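1. Next input, structure requested:
(chains A, B, C, D and E, ligands or ions: 4)
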Amino acid sequence: MMTQIVSAIGVMVAGVFACALYYWLSDKLLAAVLPVPDNNVRLASQNLNRRAAIRPWLFLGPALILLAVYLVYPVIATFILSFYDRSGGTFVGFANYRWAFFDAQFRQSIFNNILWLAVVPAACTFFGLVIAVLTDRIWWGNIAKSLIFMPMAISFVGASVIWKFIYEFRGGKETQIGLLNAIVQAIGGDPQVWISLPFWNSFFLMAILIWIQTGFAMVILSAALRGIPEETIEAAVIDGASGWQIFWKIMVPQIWGTIAVVWTTITILVLKVFDIVLTMTNGQWNTMVLANLMFDWMFRGGGDSGRSAVIALVIMAAVTPIMIWNIRQANKETGGH
Amino acid sequence: MTGVTLKDIRKAYGQVKVLHGIDLEIAQGEFVVFVGPSGCGKSTLLRMIAGLENITSGEMFIDGDLVNDVPPSKRGIAMVFQSYALYPHMTVYDNMAFGMRIAKESKQEVDRRVRAAADILQLTQYLDRLPKALSGGQRQRVAIGRAICRDPKVFLFDEPLSNLDAALRVATRIEIAKLKEQMPDTTMVYVTHDQVEAMTLADRIVVLSAGRIEQVGAPLELYERPNNLFVARFIGSPAMNIVPATIVETGAATRVKLAGDRVVSLPVETSAGELENKASFGVRPEDLTVATGDDYLFEGTISLVEALGEVTLLYVENPAVKEPLIAKLPGIVGLKKGDRVRLSADPVKLHLFDAEGNAYRR
Amino acid sequence: MTGVTLKDIRKAYGQVKVLHGIDLEIAQGEFVVFVGPSGCGKSTLLRMIAGLENITSGEMFIDGDLVNDVPPSKRGIAMVFQSYALYPHMTVYDNMAFGMRIAKESKQEVDRRVRAAADILQLTQYLDRLPKALSGGQRQRVAIGRAICRDPKVFLFDEPLSNLDAALRVATRIEIAKLKEQMPDTTMVYVTHDQVEAMTLADRIVVLSAGRIEQVGAPLELYERPNNLFVARFIGSPAMNIVPATIVETGAATRVKLAGDRVVSLPVETSAGELENKASFGVRPEDLTVATGDDYLFEGTISLVEALGEVTLLYVENPAVKEPLIAKLPGIVGLKKGDRVRLSADPVKLHLFDAEGNAYRR
Amino acid sequence: QELKFQPGQDSRFNWKSFEDFKAAHADLKGQTITLFGPWRGEDEVLFNSVLAYFNAATGANGKYSSSENYEQQIVIDTQAGSPPNIAVIPQPGLLADLAAKGFLTPLGTENADWVKTNYGSGEDWVKYGTYKGKDGKDAYFGFPFKADLKSLIWYVPENFEEAGYEVPKTMEELIKLSDKIVEDGGVPWCIGLGSGGATGWPATDWVEDMMLRTQSPETYDKWVSNEIKFDDPAVTGAIDEFGRFAKNDKYVSGGVAAVASTDFRDSPKGLFDIPPKCYMHHQASFVPSFFPPDKKLGTDADFFYLPTYASKPELGTPVLGAGTFFAITKDSPAAKAFIEFLKTPIAHEVWMAQTSFLTPFKGVKPEAYANDVMRKEGELLTKATTFRFDASDMMPGKIGAGAFWTGMIDYVGGKDAKTVGGNIQKAWDGLK
Amino acid sequence: MSAINPAASLRRIGLPRLVVHLSVLVICIIWLIPTLGILVTSFRDAGQIASSGWWTAFTGAAETSAARLGEPSTAKQDGPNYVISGSVFEKGKGGSVLAFGTKVASPTEFEAGKPADIGEGETLTVNKDGSYTYTKNAPFSGDRGKRIYLSVSSPPSFTTDNYRTVLTSQGIGQSFVNSLTVAIPATIIPILIAAFAAYALSWMQFPGRALIIALVVGLIVVPLQMSLIPLLKMYNEIGSFFGVPSRSYAGIWLAHSAFGMPLAIYLLRNYISGLPKEIIESARVDGASDFEIFVKLILPLSFPALASFSIFQFLWTWNDLLVAMVFLGTGKDQLVLTGALNALLGSMGGKWEILTASAFITIIVPIVVFFALQRYLVRGLLAGSVKGG
Ligand SMILES: Nc1ncnc2c1ncn2[C@@H]1O[C@H](COP(=O)(O)OP(=O)(O)OP(=O)(O)O)[C@@H](O)[C@H]1O
Ligand SMILES: Nc1ncnc2c1ncn2[C@@H]1O[C@H](COP(=O)(O)OP(=O)(O)OP(=O)(O)O)[C@@H](O)[C@H]1O
Ligand SMILES: [Mg+2]
Ligand SMILES: [Mg+2]
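-> Ligands and ions are numbered 1, 2, ... in the order given. Predicted coordinates:
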């Protein structure tokens, strides 16, 4: 065991060190190739300017290479694959796209995804915001925050297990071991098979993601709230605004930018998340979502790379408007410096 | 009467005592300015009047009513914050209308009052802009406008001009003065660091130091007859020159021996028991003139000349006194560094303080 | 010679032209101050000297070398930023030593220079503190100290005092003056809004307006002989009073008729062709005195009296002139609002500008 | 790794086969062979105990690993060109797919012949291991090892005894028994289709069993190859046979609503409740591992064969089963040798002597089975007149592990067999 | 104003304090319940988990169970009657019998302590303490003991067996180490790379900067499943070309780094571009190169943002299974913790007790990381993008 730990530490240090070494060495190399002599201001400044022109690429290099290899290349490969048949061997033109257009399950997934996109980011942001505001006002706020953040630390599969214990249904007169049904029963209702209730079952799955991601929203929004100038709140107090009015009319508008970032991040997450649906229902009872459908087509029964590529591209296309908005935002900020 | 009365107001943040018992009466329509060094408790006091801070002990009355537990919005006050505190996401119009909308005023009434305030402050053409599209001075005016719209009985200002540049500061100061004129019945309480503001705006100035009131009085009263060394040095810029002295003759007029052995006579009264007491002799830089004859207060070497055009500052050093004396002479003066000068002053403009720093009354 | 020479320097941000051709020679050891209204390009010009902004066109020489493409660190300059720009995670010592360490100076040398600078600025006892544990004035001094340590040929200051309160501002200003004295060979370029700073510190002042140089000259020169209306109004506080006038007699001395029909004679030269031209007549508030006799410049009603103790400001209105004339009188004056006064001034202190705003030379 | 049973010490084992194998494959010393399969947890331990004998005999270094998502993993690994030497896969459909893409090495006719002669229903087993290769020609790729028996009904003998119920011999009797239990105020069946991402599959076993009891084996085969449609009356009939049990509120514990959501792992526990939630449970031979740990097979729980219709004697005693196939995904002498190893009785017996292992291999000593229940199952397997492999495992993955499951959930949820069959068929058509 | 803390002022918003406390409490409880459920479940044994709700675990429940009476051979003759007696509880176990029955269909037919006539001349008395007398007016027949059914109230019982199973299972220590070996560099490396990139994208001038920013933001959405096969193919080619194993720690670090990269750059850039411009310019004047500025100023100053992002990245890599399976493999000595725990579940899955216990074991490390870094979190991420934060 000891040797394993030692070797693991060795490997880790070596890995991180190698990465740091790249930056250090490349900088040293740059300095060696383009020297800056003390006595020759002309050459020195010429070389300094050259260094400044090269250096961004040294800094960006690893990131760009990683992005190109691990993300850009697969995206292109996917795009090409989407015109080929299931094994990627025969060119089939737009057949896969045509298939998607007419496939009922695909349409179902789109519908569900819209539902998820409408509910989850909004709910996470809303709860995150409310919790951030409330916990800022009490002495045990940090403890509360930690508790609410905790689900973030649980893997999606683990989370699904946890929620099975909430949604579990036992038929007839049996004692319910699912909390939700036990509560429903205790207040005199009829136990339900929550995850197969048409339409509503998607919401029960969403609850899981909301439960996990609210902590993320809360943490970030809480930082933003602290950035609100105190005086604007005091001014509103003097203006006679109630707590509720201050929250909605003064605080929320001022952190609108952060809310948008949180919203975007969670939106993207929603589009990519499939573990929850996979483990809870695997898309049955009409709960299929695009990411899960893609996973299905990619791996189940030997896989169909063409169709899964089409779905992947649809997922990417779905977020494009949000991304364009974000890119605009990002570039606008950069305008300043 | 819509005055503000403070009775033995104290404030402590946990263990830290910030205000140690403030008693003050502010009459309706009065313009009162709080001055004092940074951290002395000016803002705290103002915020307590506004209701933004709890009162630790003591009683506060506005308009004769005990307001210790009345929330800010019910006190009939309006406040202008140092940092403007505009709502950054609302237009100027909405900023000013916010309070009234909260109070559910009718649309017409809101519009009328906003436009009236905008008119007074020459903001009419900016009503649709967001605060970030305004210059500093305009923002400040919006903040004031917002307060005006509330139609308050008491107007509170916390260093409203400290973020402005010199020119704007002068202009806005004059606007506040005009505003006061237009609202003669409104009580105004104003916190500032800036003497010029205090002197020009105040009906009465309250000088605070370390949580206590040092002196309350009309501006010129403070300037001419400071109660003590603190007020004397605090009011006026550059600060009053202080020279250690010993009383050598008492009576209706007093003679003191200054450090450096000059003996000077002042028209202040001392009792015989105070003979030989240590005292501080004070004279304002602007009251000093260059003496041509032998009748001078002080002699020294010029260590620095600052010619400001309109006035010239001379820093005059003398081995017997630690700090250089500053003389502020009108116009441009032909003296230069290293010159030896003698300085004198009109005896009525001289001040004398006892060892505890309290002024001898004339 | 370690001067700075600017030849037709222009700057544009994309389409927006900010500087329109600046020509300026700064001699070695000179203390030059840039003043001008907000947004006129002062900071931009300073940052171009520092090398922090690209030069759009024109040539810049430091020490005789063309530096257009030389990066900041090779220009032999040091800069003090308005916001201090201290490295928040480093102690005062490390902040000051940073540049030298980058330059791989020996440990002893670093220590020697840091301590020397700390000594000058009285920072020795704070060397181990982090910036957040310092007061504003101390932070400012650290920023200056950091610049001193670089031992620059050219010292650049961008509004270094604008974040400080009044008292600190005066104190730090004096320190900078002393610093300059200790480093007679170092060229200093200083940007400020504050007139007092400009007047007290500068060897020469450069007045900028909208990307152009309006006038360059010694402080008193600008004060006494402004080139044009802009400079005249910009230098001096309150600003010079301007009254519309018509030239009624030309020659070595000129007579003008002021709005309100008073005719005044000034010792400026005009040519015959300029008879009947429109002109602007100017007089500084501090040059006005209350006239007792008939020999006055201007008569009006006092609309506002601001008694500052040391001086009193009178705002005098006359229906013929739009803005009130301001008179700054020494001491405390017994006049009050509504009084009618006559103001006069020494003829040599009067100014006359032609219709384009250029001054008539005396 | 230690050997579980010392060679030569226990007469229940065929040690000779071990020694023979050892003698024939001494040349593999030091070679590494990787195996990748579905077994995790206890099963992984068990398989490793078998692997240990291979390692001991040859001196090779066989390494087994598994993954939660082994089906995806094997697709990724083969496509990416880093497959294990041997892939162990329980779905012939998946294997066929891999074979079609050329990722599998044919095992040759001698292996096919060996299986044909030595396995019960050998011909069927060979069929299930034979797929079209990349060249489009049929070849033998999958070597069956370890079988599961599906046509079993589990019950608690003492509960039957107490209530005076007899083990039914025909389907008609089974239905009568179910009704009788309802009459007595009990619930006859526990049915749970829940299985997380695979929810629905237990129903496919039901349908397949019913298919074999209502249609000829040939029809069954046509169904598997989609020669008859999914909404063919033959198929929907079988689905409705399943519905007779699962869609009857009185028959199933918790009512029909509970069927789809109850986890198949929790479902058998109802047998052992007091009072019992149900008296019978249809599930494959692996299910005892989900019984409460203190239940002893044989006394506390037992099974009977899901009976056939007395009215259809021509169908004989069909057995539905499943099994895992070993396929060579990266050829090497050691991999070939491992297939040889699987032909030795000892490879089977070591696992048989522990738990949860059945084999159709006729050459093993039946006394090696750890208990009577397993032995009974083994007999059923070797003596079956018709053996059919789990249909859903042979259908294309999107159907057998997708549309079929979903269809069954829909069916239990209230849709009729015709609609459900039609939907599944539509999905199947979409694949063509 | 800075002396006043924000919490104090938010307090003045006006909602009654009690309401705030209560609502936070309610929210916390709602958020905690699922986790609490799994925590409690992880301490119960498999049988209980499936038969009763976890919230009943503390109350102690009446359970029905079966017991076997003594074999007929142990019967003693007592006058005309034959008597079998003993205890229904196994040695070492106990409880309190509430009721009993002889038919499985009605297991609580008779009250404990009272003799019950069960027909055929047999009477049975089971006392609360479990002792019983079973009397028959004729000799007992058969060779097995009679099965009876009991309703026993048993105290709440908890077990640490589940944890023991998980923690002592083979290779768990190794996979714990493996997980750390994956997660730590896979957290640090992308942060380092992303920080350099974010710095270049915020503070350095070069052509194409806006385009690269757009690219990075755009790539946040790429679903990673899509890239697995092309990448693994590439890994294998590289591996076979250089004759090194295609699956290595370096490989998975890079994979994790790349997948986390777009979001890392996006978030860090938000922060780094918000650092005061003057500080960086000041360092430029001081002669620092961009490399020195980055190392000496940007890294220390953006520590809060780095810490916040590292929490997220750590959580992702720690909880990841898919990427690890693909790029690191499933062999014993490379298996990560999530993989190892997954294997424990058995091929048929469904072992709630193992799942719940292992969920808690995996949670521990991230929670420790979270608590260690949370003070930065609070004022960290995006703080630069929001004014004044
Ligand atoms: N929330 C608080 N907790 C503890 N001490 C505080 C708090 N708020 C203010 N103080 C202290 O109270 C004293 C008075 O503060 P106050 O803001 O009233 O000063 P001020 O006179 O307005 O100064 P300035 O001119 O700098 O605004 C200061 O010493 C300050 O440190
Ligand atoms: N990056 C930029 N892009 C476009 N315009 C700019 C940029 N930076 C500055 N400007 C413009 O250039 C002009 C000059 O700005 P500069 O900062 O030099 O003014 P300044 O004289 O220093 O003003 P202040 O006294 O307020 O500091 C301003 O009008 C400003 O809006
Ligand atoms: Mg204050
Ligand atoms: Mg500027």
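2. ok, which stretches of chain B are helices?
-> Assigned helices in chain B, in chain order: B:42-50, B:92-102, B:107-120, B:136-149, B:166-182, B:195-201, B:219-224, B:229-234 (criterion: DSSP state H).
3. and what of the stretch 201-350 of chain E?
-> E:209-219, E:228-242, E:249-272, E:277-285, E:290-293, E:299-301, E:303-319, E:322-328, E:337-344 (DSSP state H, counting those that start in this stretch).
4. Which of these comes out lowest on mean pLDDT?
-> Of all those, helix E:337-344 carries the lowest average pLDDT, namely a mean of 76.
5. and the angle for that one with helix E:303-319?
-> Interaxial angle of helix E:337-344 relative to helix E:303-319 (axes from the mean of the first three to the mean of the last three Cα atoms, to 10 degrees): 20 degrees.
6. Any idea how far the very next helix or strand once past helix E:337-344 is from the middle of the chain?
-> As assigned by DSSP states H and E, the chain's next helix or strand after helix E:337-344 is helix E:352-379. Put simply, helix E:352-379 sits 8 Å off its chain's centre (Cα atoms, centre = their mean, to the nearest Å).
7. How about the residues of the stretch 51-200 of chain A by chain D?
-> Residues of the stretch 51-200 of chain A lying near chain D by Cβ under 8 Å from any Cβ of the partner chain: A:87, A:99, A:103-105, A:160, A:168-172, A:174, A:193, A:195-196. In this view, the C-beta of every residue, glycine as well, is placed from N, C-alpha and C.
8. any idea of the mean pLDDT for stretch B:352-362?
-> Rounded mean pLDDT across stretch B:352-362 is 86.
9. got it, and stretch D:423-430?
-> Mean pLDDT, stretch D:423-430: 87.
10. what does the stretch 151-300 of chain E put close to chain D?
-> Near chain D, when you scan the stretch 151-300 of chain E using Cβ under 8 Å from any Cβ, you find E:228, E:229, E:231, E:232, E:233, E:235, E:236, E:237, E:239, E:246, E:247.
11. closest to chain C among the residues you listed?
-> Of all these, chain C sits closest to residue E:231, with 39.1 Å by Cβ to the nearest Cβ.
12. hang on, the earlier thing: which among the residues of the stretch 151-300 of chain E next to chain D end up buried?
-> Those of these that meet the buried threshold are E:228, E:229, E:231, E:232, E:233, E:235, E:236, E:239, E:246, E:247, by 16 or more other Cβ atoms under 10 Å in any protein chain shown.
13. Which stretches in the stretch 101-250 of chain A count as strands?
-> Shown for the stretch 101-250 of chain A, no strands are assigned by DSSP state E, counting those that start in this stretch.
14. Point me to the residue of it nearest ligand 1.
-> residue A:230 (11.0 Å; Cβ to the nearest ligand atom).
15. likewise the stretch 251-400 of chain D?
-> Ligand 1 sits closest to residue D:261 of the stretch 251-400 of chain D, with a gap of 56.4 Å, by Cβ to the nearest ligand atom.
16. so what's the nearest residue to residue D:310 once chain neighbours are set aside up against?
-> Sequence neighbours aside, residue D:170 is the residue nearest to residue D:310 in space, at 4.1 Å (criterion: Cβ to Cβ, 6 or more residues apart in numbering or on different chains). Neighbour list for residue D:170: D:307, D:308, D:309, D:310 [criterion: Cβ atoms under 8 Å, 6 or more residues apart in numbering or on different chains].
17. ok, back up a step: and the gap between the residue of the stretch 101-250 of chain A closest to ligand 1 and residue E:218?
-> 38 Å (Cβ to Cβ, to the nearest Å).
18. Check which residues of stretch D:267-278 are buried.
-> D:267, D:268, D:269, D:270, D:271, D:272, D:273, D:274, D:275, D:276, D:277, D:278.
19. List the contacts of the residue with the shortest distance to the centre of chain A.
-> When Cα atoms, centre = their mean is applied to chain A, the residue found nearest the centroid is residue A:269 (2.9 Å). For residue A:269, the contact set (Cβ under 8 Å, 6+ apart) comprises A:209, A:213.
20. Residue A:91 - how many residues pack around it?
-> 11 (other Cβ atoms under 10 Å in any protein chain shown).
21. Same check on residue E:267?
-> By the measure other Cβ under 10 Å, the count of residues near residue E:267 is 25.
22. Okay, the nearest residue to it once chain neighbours are set aside and residue A:216: tell me how far apart.
-> Among residues not flanking residue E:267 along the chain, residue E:309 sits closest, at 5.7 Å (Cβ to Cβ, 6+ apart). In this view, residue E:309 and residue A:216 are 12 Å apart by Cβ to Cβ.
23. Could you check which of these two has the larger neighbour count?
-> Neighbours were counted for residue E:309 and for residue A:216 using other Cβ under 10 Å; residue E:309 has more, 27 against 23.
24. one step back: looking at pLDDT only, which of the residues of the stretch 51-200 of chain A next to chain D scores worst?
-> Least confident by pLDDT among these: that is residue A:172, with 63.
25. Point me to the helix or strand that includes residue D:323.
-> strand D:318-328.
26. going on from that strand, what's the next piece of helix or strand?
-> helix D:333-342.
27. report the angle between the axes of that following helix and strand D:318-328?
-> Here helix D:333-342 points in a direction 160 degrees away from that of strand D:318-328 (the same axes, to 10 degrees).
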